[in-house]
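Peer 1: would you be able to build a 3D model of this:
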Amino acid sequence: MNTKYIFVTGGVVSGLGKGITAASLGRLLKNRGYKVTIQKFDPYLNVDPGTMSPYEHGEVFVTDDGAETDLDLGHYERFIDENLCRNSSVTMGRVYSEVIEKERRGDYLGKTVQVIPHVTDEIKEKIYSFENTDIDIVITEVGGTIGDIEGLSIIEAIRQVGLEKNHEDVVYVHVTLLPYISGSNEIKSKPTQHSVKELQSFGIKPDILVCRTEQDLPENIKEKLALFCNVRKTSVIQNKTADCLYAVPLMLEKEGLAREVCNHLRLDSYIPDNSKWQEMIDDIRKIKPENKVRIAIVGKYVKLEDSYISVIESIRHAGFKNKVNTEIELIDAEEITENLASKRFEGIDGIVVPGGFGTRGIEGKIATIKYARENKIPFLGICLGMQMTVVEFARNVLKLKTSNSTEFDEQTLDPVIHIMDNQKDVKAKGGTMRLGSYPCTIKKDTTAYNVYKEENIKERHRHRFEYNNEYKERLEEAGLICSGTSPDGSLVEIVEIKEHPYFIAAQFHPELKSRPNKPAPLFVGLIKAAKEAKV
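Peer 2: Numbering: from 1, shown residues only. A predicted model of the protein is given here:
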């Protein structure tokens, strides 16, 4: 069959859940037997989110092929359980830089370079990149809100796709807000009407409206929206807040979103098999409220929860697996000192120290790791958390008091974490980043092997500094075991302590591959240990 295209736009306000809507639709279509991929177009002019503060757009999600992307790709992967790629995340900064690069090379043969057709053609090239592959359906989410000046060229490009492809191969889904006015006890449709009118002014007629609402939509509101927005009443889909994030696909199935999409795209396989997803949601809802563990995430960017969204979701996934509710507390690493740690972590059953860059909060992370190690609190360190685990152990067990990472002290006498010799001459630090999927070999009879149940794994990385092998022998003799390394043994990937309920740290980011139905093993082990510690 022809490749099918679904475009998801948003109106009225940002933050309505376009990403969750796109991801949920992807899951529902996959449950009908179709090969689905999802991509995100962001209108901002950064080439990618890699150099952006987490306070701007939340975490940076990394794909297998090493692309630094928008956090929505994490939602896509968690819902559709497919590994996405570089072309799944495109910014206008990347588009413009590639257009200018082509102009400088002379690819346009001296033509005047313009938004139409050159920029829009570049955008369409990214959309069409999945043709002649095994992909049946491409879902494209357009970031921002209709009317944003930065996103106009994306809207124009997806309008052109609707002309270039057969009518039955393209569907436009518009996610919008229906605010509830408590004073008059009314759901107001006017903002949605204006948003659709704005979209229509750019030449796009939405086929389906997904209406975010806190109240059930009355039939008269659906009829009004259908009439004023020029869509069928059956294509006005209610999207209420669900009790569980992963229940959204089933809720949208019940409301008829996938049915409407299948009808418009003339898809043959319109009967879904949602049984496994339903079974997962039923199991989650059966978890008793009293079965819970409290997990602390000690990080540097805790003012915005989205900065650690994959870590948070991975903890929840592991909770599902262990049949416990997970209460997650975000703690600012700058608040933690050795003297305050016992009070701050009172009642905490497990601790995660995640990744990050820069010196702020480092001593607090080290104090946290020391407290977890000495007080037998189940602990998981990730990336920078692993590096600080090595620093803490070197300082407090080996008594190398000046131990540090050369990221924070280039003159340290004991650089237990450093940039490797073959990377030191790279002038642009970005050139030294280890990004994407790398293999890891795990030693048997270790905690790492017990949780992974296999010797050879692949996990995603995003870091610059590495474990210094010059200290490996001393650290292992003192009890910090290197349980996972690169296949040739040159790079240490996992460290752990045996005489501890659960104390393990990884150079990679296990949270990036966690799924609600396939939780990351290192998180499963953490929650299992935290649960057992409460008994």
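Peer 1: M52: what's it in contact with?
Peer 2: The neighbourhood of M52, defined by C-beta atoms under 8 Å, 6 or more residues apart in numbering, consists of N46, V60. Placement of C-beta: from N, CA and C, glycine included.
Peer 1: oops, could you answer that again for M388 instead?
Peer 2: V353, I362, K365, I366, I369, G381, S405.
Peer 1: how about 7 Å then?
Peer 2: V353, I362, K365, I366, I369, G381 (C-beta atoms under 7 Å, 6 or more residues apart in numbering).
Peer 1: how about it: what's its closest non-neighbour residue?
Peer 2: Nearest non-adjacent residue to M388, counting by C-beta to C-beta, 6 or more residues apart in numbering: K365, 4.7 Å away.
Peer 1: residues contacting that neighbour?
Peer 2: Contacts of K365 (C-beta under 7 Å, 6+ apart): V298, A333, V353, G385, M388.
Peer 1: not counting its neighbours along the chain, what's nearest the third one?
Peer 2: I take that to be V353. G385 (3.4 Å).
Peer 1: before we move on, what SS does the one you found have?
Peer 2: helix (DSSP: H, G, I helix; E, B strand; the rest coil).
Peer 1: I'd assumed G356 was in contact with it.
Peer 2: No. Using C-beta atoms under 7 Å, G385 is not in contact with G356, being 8.4 Å away.
Peer 1: quick one: which of these two has more around it?
Peer 2: G385 (25 against 21; other C-beta atoms under 10 Å).
Peer 1: can you give me the strands in the stretch 301-450 of the chain?
Peer 2: 325-332, 350-353, 379-382, 404-405, 415-418, 434-442 (DSSP state E, counting those that start in this stretch).
Peer 1: list the buried residues for the first one?
Peer 2: Looking back up the chat, that one is strand 325-332. Across strand 325-332, burial judged by 16 or more other C-beta atoms under 10 Å covers N325, T326, I328, L330, I331, D332.
Peer 1: please save the CA atoms from stretch 306-320 in PDB.
Peer 2: The C-alpha coordinates for stretch 306-320 follow below in PDB (Å, rounded to 0.1, in the frame of the first residue of the first chain):
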ATOM      1  CA  ASP A 306      10.300  17.300  32.300                       C
ATOM      2  CA  SER A 307      14.100  17.600  32.800                       C
ATOM      3  CA  TYR A 308      14.000  14.000  34.100                       C
ATOM      4  CA  ILE A 309      10.900  12.700  32.400                       C
ATOM      5  CA  SER A 310      12.500   9.500  31.100                       C
ATOM      6  CA  VAL A 311      13.900   8.700  34.500                       C
ATOM      7  CA  ILE A 312      10.600   9.400  36.100                       C
ATOM      8  CA  GLU A 313       8.700   7.200  33.600                       C
ATOM      9  CA  SER A 314      11.300   4.400  34.000                       C
ATOM     10  CA  ILE A 315      10.800   4.400  37.800                       C
ATOM     11  CA  ARG A 316       7.100   4.100  37.200                       C
ATOM     12  CA  HIS A 317       7.600   1.300  34.700                       C
ATOM     13  CA  ALA A 318       9.700  -0.600  37.200                       C
ATOM     14  CA  GLY A 319       7.000   0.000  39.800                       C
ATOM     15  CA  PHE A 320       4.400  -1.600  37.500                       C
END
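Peer 1: contacting residues for the residue lying closest to I527 once chain neighbours are set aside?
Peer 2: Nearest non-adjacent residue to I527, counting by C-beta to C-beta, 6+ apart: A318, 4.1 Å away. A318 is in contact with P519, F523, V524, L526, I527, counting by C-beta under 7 Å, 6+ apart.
Peer 1: pLDDT wise, what is A318 at?
Peer 2: At A318, the pLDDT value in this model is 98.
Peer 1: where does P206 land in three-state SS?
Peer 2: Relying on three-state DSSP, one would call P206 coil.
Peer 1: quick one, phi/psi of the residue lying closest to it once chain neighbours are set aside?
Peer 2: Leaving aside its sequence neighbours, P206 sits nearest to H174 (C-beta to C-beta, 6+ apart; 3.8 Å). Phi and psi for H174, reported as degrees, to the nearest 10, are phi -110, psi 120.
Peer 1: who's H174 bridged to?
Peer 2: Beta-bridge partners recorded for H174 (DSSP bridges): T9, L209.
Peer 1: related to what we said a few turns ago, of the contacts of A318, which is the nearest to E477?
Peer 2: L526 (26.2 Å; C-beta to C-beta).
Peer 1: name the element the closest one belongs to?
Peer 2: helix 521-534 (DSSP states H and E).
Peer 1: who does that helix touch, helix- and strand-wise?
Peer 2: Applying 3 or more C-beta pairs under 7 Å, 6 or more residues apart in numbering; DSSP states H and E, one finds that helix 521-534 makes contact with strand 292-299, helix 309-322, strand 350-353, strand 379-382, helix 447-452.
Peer 1: F41 - that's part of a strand, no?
Peer 2: Yes. With three-state DSSP as the criterion, F41 is part of a strand.
Peer 1: begin at 51 from here
Peer 2: Okay, residue one is now 51; in that scheme the one you just asked about reads as F91.
Peer 1: distance check, it against S364.
Peer 2: 26 Å (C-beta to C-beta, to the nearest Å).
Peer 1: these two: who's more crowded?
Peer 2: Here F91 and S364 are compared on neighbour count by other C-beta under 10 Å; more neighbours surround S364, at 31 against 26.
Peer 1: and which of the contacts of A368 is nearest M330?
Peer 2: Nearest to M330 out of the contacts of A368 is P569 (C-beta to C-beta; 11.1 Å).
Peer 1: circling back: now, of the contacts of M438, which are buried?
Peer 2: The buried subset of the contacts of M438 (16+ other C-beta under 10 Å) comprises V403, I412, K415, I416, I419, G431.
Peer 1: if I look at S392, how far off is A555?
Peer 2: Using C-beta to C-beta, one gets 21 Å for the distance from S392 to A555.
Peer 1: comparing those two, which residue is more hemmed in?
Peer 2: For S392 versus A555, the count of surrounding residues by other C-beta under 10 Å is larger for A555: 27 against 10.
Peer 1: center of this protein - which residue?
Peer 2: G124 (2.6 Å; C-alpha atoms, centre = their mean).
Peer 1: tell me the SS of that residue?
Peer 2: helix.
Peer 1: wait, doesn't it sit right on Y358?
Peer 2: No. Contact between G124 and Y358 fails when scored by C-beta under 7 Å: they sit 11.0 Å apart.
Peer 1: picking that back up, mind picking the two most distant members of the contacts of A368?
Peer 2: For the contacts of A368, and using C-beta to C-beta, no pair is farther apart than P569 and L576, which are 10.4 Å apart.
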